[in-house]
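In: Okay, predicted coordinates and the sequence, questions at the end:
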Protein chains: 2
Amino acid sequence: MHSFTELSTLFEKDFNRRHFPLNPVNLYDAAQYILRIGGKRVRPVSVLMAHELFEEINADAFYAANAVELFHNFSLIHDDIMDKAPLRRGMETVHTKYGEDTALLAGDVMLVAAYEEINKIDFSKLHSILILFSKTAKEVCEGQQLDMDFEKKEMVAIEEYLQMITLKTSVLLAASMKMGAIIGGASQGNQNHLYEFGKNLGIAFQIQDDYLDAFGDPEKFGKQVGGDILTNKKTFLLIHALTVANDKQRADLNSLMQGNVVDKVAKVLVIYEECKVGEWADALKEKYFNLAMKHLEETAVMESRKIELKNLAQYLLQRES
Amino acid sequence: MHSFTELSTLFEKDFNRRHFPLNPVNLYDAAQYILRIGGKRVRPVSVLMAHELFEEINADAFYAANAVELFHNFSLIHDDIMDKAPLRRGMETVHTKYGEDTALLAGDVMLVAAYEEINKIDFSKLHSILILFSKTAKEVCEGQQLDMDFEKKEMVAIEEYLQMITLKTSVLLAASMKMGAIIGGASQGNQNHLYEFGKNLGIAFQIQDDYLDAFGDPEKFGKQVGGDILTNKKTFLLIHALTVANDKQRADLNSLMQGNVVDKVAKVLVIYEECKVGEWADALKEKYFNLAMKHLEETAVMESRKIELKNLAQYLLQRES
């Protein structure tokens, strides 16, 4: 069994090449550009880790891992256009550097390239992988649409937000785990447990992300703390606060969201603390973490083989033990 | 054997249904909307016609036909965003009606839906169809990028324009024919002849389209005649005129392209006629039409089976016999 770091190095070695032809140079340079921005490669490495639960990692697992990473980058390019994001990981987004039209097309060819990787998988697995991959791809688009819809809605229920987050971010991690399991010849039961493991881990991670955006240590978090508060982003925290707040707190929150007073972040954080939003988020994250771990427990492989996936879960959720 | 019209009716009957779930309603209504705008369905019907050369039409041919039509609509949605086109076939484009962000996503799910149709094809054909489909999808994106690149270039050679047109519009018709052949169990030789038949037919059709935009009868053409001239679009005609014009004609053309004088279209047409651009385009169209027909001739099936494809070619290229 290999650790996340070992497999990440292995994946990078395979993935860090030109994925596109040279011409038309404008199109394919834009597509290649985002792949160099990098990232933690959590999703493709999850394919490899889930696969290694069942057998030694083979070429098919790498094709699936490539497909997942290409798909993820397709969605980043198109999401950044929609979100008008100037930067990603401190570098210019594709549309900022190459223009929106080329970015749109670069995303399109990236999605096609993902399917080309899938098509390299042995035909005995191809059909079921394709079904899962396409289902997941549509769900990720649905999640992005819901996210945009929510921006225009005054009130979003916690269940709606949870569904949006699940589609937008968690199902791809879930599908990555399941693809590894399918390629490894896992039973349907094990495939589903690993899907649920990835899905619940993804939800727990997003709750943590929302939490750290408000309460995190700016030096460790790497992003501007309070960014979500400044942009009135509907997060787990804001939605919960609006639900449990008393009339005065709710009125204060709503009025803070109207403008951008200098100490907006600090003032919102005071209300969050009065409403015990932090403790609530911590408990919610714990709930989904435990659900994820329960599904990993129930995966019918030897306990000793699960150590690296447990380590991954703990690393992603910043837990000590 | 069935005629284009018969197969078109058959295709519409199968295709004219909801292709997407109900929710998120904003996303999937936008995707469904463009499918109702219709069109001649030339590409999907070509799949069926090429297939029927070899065997009775089966379910796999319909899956491929659906995939081709969904892919075509994906490219229309995204192209219309890039071209900032307000109308398509007299109806609002998707981004005009639903906004650019939702249109972008609707295109994305349309592309995924195309792959879902492909994945229904029997596994004995799935791999080769997927390779052809993905190759074609990337080429269509490349063609669109080249088209955008050309807008910024002062001079485009006829060979460059031909390559762009081939990628942007002809390879999808070519691939449609070849997919029908693959599903019909055709030999590699026949598959390639039908690919070349579709490709050259597509090129001939585009030359005709450029010609009619300048010289067509407004009532029959259905679009504003002279539209390409007004927008300085680099077409077969303009590129050829700039190549063969004398110094004065070239200077006049370039100066007409600088502004938008009231009689710009009429004045450009005078130069086109002086340069015999119409006759040249007619001969070029004939050349590609003949190339297409040569490949159909060389397809090794009984002559009597080819009648409907010949009729299609003559119908598309508005020929009497």
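Out: It's in. What you see is a predicted model; the values in this text were computed from it and never measured. Residues are numbered from 1 along each chain as shown, chains lettered A, B, ... in the order given.
In: Which residue does the stretch 101-250 of chain A have closest to chain B?
Out: residue A:145 (4.0 Å; Cβ to the nearest Cβ). Just so you know, the C-beta spots here come from the backbone N, C-alpha and C atoms, and that holds for glycine as well.
In: any idea how far residue A:32 is from residue A:166?
Out: The gap separating residue A:166 from residue A:32 is 31 Å, by Cβ to Cβ, to the nearest Å.
In: tell me which parts of the stretch 151-300 of chain A are close to chain B?
Out: Counting by Cβ under 8 Å from any Cβ of the partner chain, none of the residues of the stretch 151-300 of chain A come close to chain B.
In: picking up where we left off before, ok, residue A:166 and residue A:32, which is more surrounded?
Out: residue A:166 (19 against 16; other Cβ atoms under 10 Å in any protein chain shown).
In: Which residue of chain A lies farthest from its centroid?
Out: Ranked by distance from the centre of chain A (Cα atoms, centre = their mean), the top residue is residue A:248, with 35.5 Å.
In: Only the buried residues of the helix or strand encompassing that one, if you could.
Out: Using DSSP states H and E, residue A:248 sits within helix A:247-258. Buried residues in helix A:247-258, counted by 16 or more other Cβ atoms under 10 Å in any protein chain shown: A:249-250, A:252-253, A:256.
In: Just the C-alphas of it, formatted as CSV.
Out: The C-alpha coordinates for helix A:247-258 follow below in CSV (Å, rounded to 0.1, in the frame of the first residue of the first chain):
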residue,chain,number,x,y,z
ASP,A,247,-35.1,38.8,15.8
LYS,A,248,-32.4,41.4,16.7
GLN,A,249,-29.5,39.2,15.5
ARG,A,250,-31.3,38.5,12.3
ALA,A,251,-32.0,42.1,11.7
ASP,A,252,-28.4,43.0,12.4
LEU,A,253,-27.1,40.3,10.0
ASN,A,254,-29.4,41.4,7.3
SER,A,255,-28.5,45.0,7.7
LEU,A,256,-24.7,44.1,7.7
MET,A,257,-25.3,42.3,4.5
GLN,A,258,-26.8,45.3,2.8
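In: And the residue of the stretch 101-250 of chain A closest to chain B, how far from residue A:238?
Out: From residue A:145 to residue A:238 the distance is 20 Å (Cβ to Cβ).
In: more neighbours, these two?
Out: residue A:145 (26 against 23).
In: Figure out the helix or strand that that one lives in.
Out: helix A:123-152.
In: for that helix, packing partners?
Out: Judged by 3 or more Cβ pairs under 8 Å, 6 or more residues apart in numbering or on different chains; DSSP states H and E, helix A:123-152 is in contact with helix A:59-83, helix A:100-118, helix A:158-165, helix A:171-183, helix B:25-37, helix B:100-118, helix B:123-152.
In: in the first one, what's buried?
Out: So the one you mean is helix A:59-83. Those buried within helix A:59-83 under the rule 16+ other Cβ under 10 Å are A:60-82.
In: Kindly export the helix or strand bottoming out on mean pLDDT in chain A (C-alpha atoms) in PDB.
Out: Using mean pLDDT, DSSP states H and E, the weakest-scoring helix or strand in chain A turns out to be helix A:218-221, at a mean of 70. Output in PDB follows, covering the C-alpha atoms of helix A:218-221 (Å, rounded to 0.1, in the frame of the first residue of the first chain):
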ATOM      1  CA  PRO A 218      -5.100  33.600   8.000                       C
ATOM      2  CA  GLU A 219      -1.500  32.300   7.800                       C
ATOM      3  CA  LYS A 220      -2.600  28.700   7.600                       C
ATOM      4  CA  PHE A 221      -5.700  29.100   5.500                       C
END
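In: that older thread, same for chain B: which of the buried residues of helix A:59-83 are within range?
Out: Applying Cβ under 8 Å from any Cβ to the buried residues of helix A:59-83, those adjacent to chain B are A:78, A:81-82.
In: With distance to residue B:133 and pLDDT added, can I get these in TSV?
Out: Shown next, in TSV, are those (distance: Cβ to Cβ, whole Å; pLDDT from 0 to 100):
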residue	distance to residue B:133	pLDDT
A:78	21	98
A:81	25	98
A:82	27	97
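In: Provide a list of residues in contact with residue A:176.
Out: Listed by Cβ atoms under 8 Å, 6 or more residues apart in numbering or on different chains, the contact partners of residue A:176 are A:43-44, A:46-47, A:50, A:64-65, A:68, A:198.
In: and residue A:163, what pLDDT?
Out: pLDDT, residue A:163: 98.
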